[in-house]
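Enquirer: Quick one, structure for this:
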Amino acid sequence: MNAAEPMVALAVERTFAADPEAVFDWITDGNNLMTARLVLRVRRTRDGEGYVWGKGARREVLAVGAWFREDIVECDRPYRYGYQIVQSFPPMRHLGGLITVTPVDGGGSRARWECSFDLPPTSGGSFVARLTKGMFASTFNQIFDAAKRQRG
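Expert: Numbering: from 1, shown residues only. Take a look at the predicted model:
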C-alpha cells in the first residue's frame, strides 16, 4: 500500500424514482442509518448549520463491534454530503466519506456513497480490511435499500 492508495475504498450506487431532494433528505437523516442491521444507535451530539444533520453536525454511531464519531464537513443540499470519522473503535484513519445525489434523465435520481480508510497494522492486516470493506458495503447497501423502499 502506498500513500495514494487507501487500504479500503468502496462505493455503492443506487437509482431512485424520487427526486434528488427526497433521496438526499432521507439518506442524510442520521436516524435512517439504523435501517442497517449492524447499526444499533445513532446520536446527534451537535446540530448542523441550517439543517440538524448538515455541515457542522456531529454524530456518534454505535454498530455491532464498532463505534464512530463523525463530523459532517460538507452539506450542499440536495447534491453533496461529506463526513469525516474523527474517532473510532477499533481505530482507523478515515480518508473521508461522500454521498452524492444527481438527477437522472426522465426523472428520479442516482445516489452514490463513497468511503475510504486505512487500518493500523495492529488491526489484522488485509484479512480485516476485506472483512471491514464487506461490512461497510453491506451497511451502505441496506441503507440504500431502505431508502428505495421509502422513496422509490
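
Enquirer: Look up phi and psi at Asp76.
Expert: phi -110, psi 80 (degrees, to the nearest 10).

Enquirer: Look at it and say how many residues are nearby.
Expert: 13 (other CB atoms under 10 Å). Yep, even glycine has a C-beta here, placed from its N, CA and C like the rest.

Enquirer: Quick check, pLDDT for it.
Expert: Confidence at Asp76, expressed as pLDDT, is 97.

Enquirer: what's across from it in the sheet?
Expert: Note on Asp76: beta-bridge partners by DSSP bridges are Arg80.

Enquirer: neighbouring contacts of stretch 83-94?
Expert: Contact partners of stretch 83-94, identified using CB atoms under 8 Å, 6 or more residues apart in numbering, comprise 66-74, 96-98, 115-120, 123.

Enquirer: The longest helix anywhere in the chain: which residues count as buried?
Expert: In the chain, with assignment by DSSP state H, the single longest helix is helix 125-151. Neighbour-count burial for helix 125-151 flags 129, 132-133, 135-137, 139-140, 142-144, 146-148, 151 (criterion: 16 or more other CB atoms under 10 Å).

Enquirer: which strands and helices sit next to that helix?
Expert: When contacts are defined as 3 or more CB pairs under 8 Å, 6 or more residues apart in numbering; DSSP states H and E, helix 125-151 packs onto strand 8-16, helix 20-28, strand 109-118.

Enquirer: Any chance of TSV for the ones you listed, columns distance to Arg43 and mean neighbour count?
Expert: Compiled in TSV, these are given as follows (distance: least, CB to CB, whole Å; neighbours: other CB atoms under 10 Å):
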stretch	distance to Arg43	mean neighbour count
strand 8-16	24	17
helix 20-28	16	21
strand 109-118	20	20
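
Enquirer: Mind putting these into JSON lines with distance to Arg37?
Expert: As requested, the helices and strands packed on helix 125-151 are exported to JSON lines (distance: least, CB to CB, whole Å):
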{"stretch": "strand 8-16", "distance to Arg37": "15"}
{"stretch": "helix 20-28", "distance to Arg37": "17"}
{"stretch": "strand 109-118", "distance to Arg37": "17"}
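
Enquirer: what sits against the closest residue to Thr139 other than its chain neighbours?
Expert: Counting by CB to CB, 6 or more residues apart in numbering, Thr139 lies nearest to Ala36, which is 4.3 Å off, once chain neighbours are set aside. Ala36 makes contacts with Ala63, Ser138, Thr139, Phe140, Gln142, Ile143, Ala146, as judged by CB under 8 Å, 6+ apart.
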